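# Let's see this in three dimensions:
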Amino acid sequence: MIRDEEILNRVDKEKLPRHVAIIMDGNGRWASYRGLLRSAGHSAGMKTLKKILTVAVNLNLEALTVYAFSTENWKRPHAEVDFLLKLFSEYLEKEKLEMHEKNVRLRFLGRVEEFSAGIQNQIREATQLMKNNTGVKFNIAANYGGQDEILRAAQKLAQDVATGKISPAQITASTFEDALDTCGLPPVDLLIRTSGDIRISNFLLWQSAYAELFFTNTQWPEFSPEEFVDALIDFSHRERKFGGVKS
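Have a look, this model is predicted:
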């Protein structure tokens with residue numbers, strides 16, 4: 001096993017992405033391949049998330065956003081949804097103090113108001129606890145969909161126009177970004193998806209317009225700090241032109 005400091009020393013700290021987003025895919029498949037219940041895969045995935053967040057903290061990444069629960073995940077079997085929500089609740093309760101000690105600033109994206117009152121209270125307590133922290137901005141997308149986020153932003157701006165707060169001409173890319181759940185965060189530089197599917201599945205559509213994409217066949221429970229660093233190194237070697245040409 002490579003020691004933590006050896007993993008981190010492989011990275012050029014001057015070429016890190018500011019904002020990394022991760023689609024944590026493959027928990028269910030990981031469990032099925034092993035003859036386990038899908039719930040075992042989700043539990044294993046939570047352990048992986050803790051490891052990856054620790055790397056982000058140690059590298060002083062500016063922002064890390066993970067796709068925890070999509071607006072489409074409600075379509076899954078009730079037992080699995082109930083387990084996911086229970087696991088989500090347990091994760092918050094168990095990890096919030098350690099995240100706070102690591103100076104993590106926690107934030108949630110999506111329609112969190114549609115969760116149970118108990119989970120909403122946990123979200124408020126955890127974000128309040130960490131609101132003044134200055135370390136990694138750790139964003140959990142929960143009951144989140146990229147198209148839904150864009151629609152909600154459009155509706156907000158339309159309401160502002162209707163009430164005379166702003167004029168249509170004042171709707172710019174900047175004001176639109178301010179209406180998104182990610183207001184104040186930098187654009188996504190690197191989007192990682194595990195488990196082999198090559199798509200972004202309605203995740204951070206606006207924010208990832210010029211993101212570098214990194215796909216791996218590794219299922220999320222087996223996604224290691226070493227492979228996370230590999231993705232960061234891969235990013236550092238890419239030429240980013242943002243629609244322009246090399247000077």
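
# longest helix in this structure, by residue count?
Using DSSP state H to define each element, the chain has its longest helix at helix 78-101.

# May I see the buried residues of that helix?
Residues 83-85, 87-89, 91-92, 95-96, 99-100 are the ones in helix 78-101 that count as buried (16 or more other C-beta atoms under 10 Å). Yep, even glycine has a C-beta here, placed from its N, CA and C like the rest.

# now stretch 58-72
Within stretch 58-72, the residues scored as buried using 16+ other C-beta under 10 Å are 58-59, 61-71.

# Let me see the mean pLDDT of it.
For stretch 58-72, mean pLDDT rounds to 96.

# Which element, helix or strand, includes the residue in the chain sticking out farthest from the centre?
Going by C-alpha atoms, centre = their mean, the residue of the chain most distant from its centre is G164, 34.5 Å out. Counting by DSSP states H and E, there is no helix or strand that carries G164.

# now V66
Using DSSP H and E, V66 sits within strand 63-70.

# Tell me the strands beside that strand, with direction?
Counting by DSSP bridges, the strands paired with strand 63-70 are strand 19-23 (parallel), strand 137-144 (parallel).

# what helices or strands is the least confident helix or strand in the chain by mean pLDDT leaning on?
Here the helix or strand of the chain ranked lowest by mean pLDDT, DSSP states H and E is helix 4-8, holding a mean of 74. Where contact means 3 or more C-beta pairs under 8 Å, 6 or more residues apart in numbering; DSSP states H and E, helix 4-8 is packed against helix 38-58, helix 225-236.

# Out of those, which gets nearest to G196?
Of all those, helix 225-236 sits nearest to G196, with 13.5 Å by C-beta to C-beta.

# Give the buried residues for the closest one.
In helix 225-236, counting by 16+ other C-beta under 10 Å, buried: 225, 227-232, 235-236.

# Could you dump those into JSON lines with distance to L49 and pLDDT added?
Listed next are the buried residues of helix 225-236 as JSON lines, based on distance: C-beta to C-beta, whole Å; pLDDT from 0 to 100:
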{"residue": "P225", "distance to L49": "12", "pLDDT": "95"}
{"residue": "E227", "distance to L49": "14", "pLDDT": "97"}
{"residue": "F228", "distance to L49": "11", "pLDDT": "97"}
{"residue": "V229", "distance to L49": "16", "pLDDT": "96"}
{"residue": "D230", "distance to L49": "18", "pLDDT": "96"}
{"residue": "A231", "distance to L49": "15", "pLDDT": "97"}
{"residue": "L232", "distance to L49": "17", "pLDDT": "97"}
{"residue": "F235", "distance to L49": "20", "pLDDT": "97"}
{"residue": "S236", "distance to L49": "23", "pLDDT": "95"}
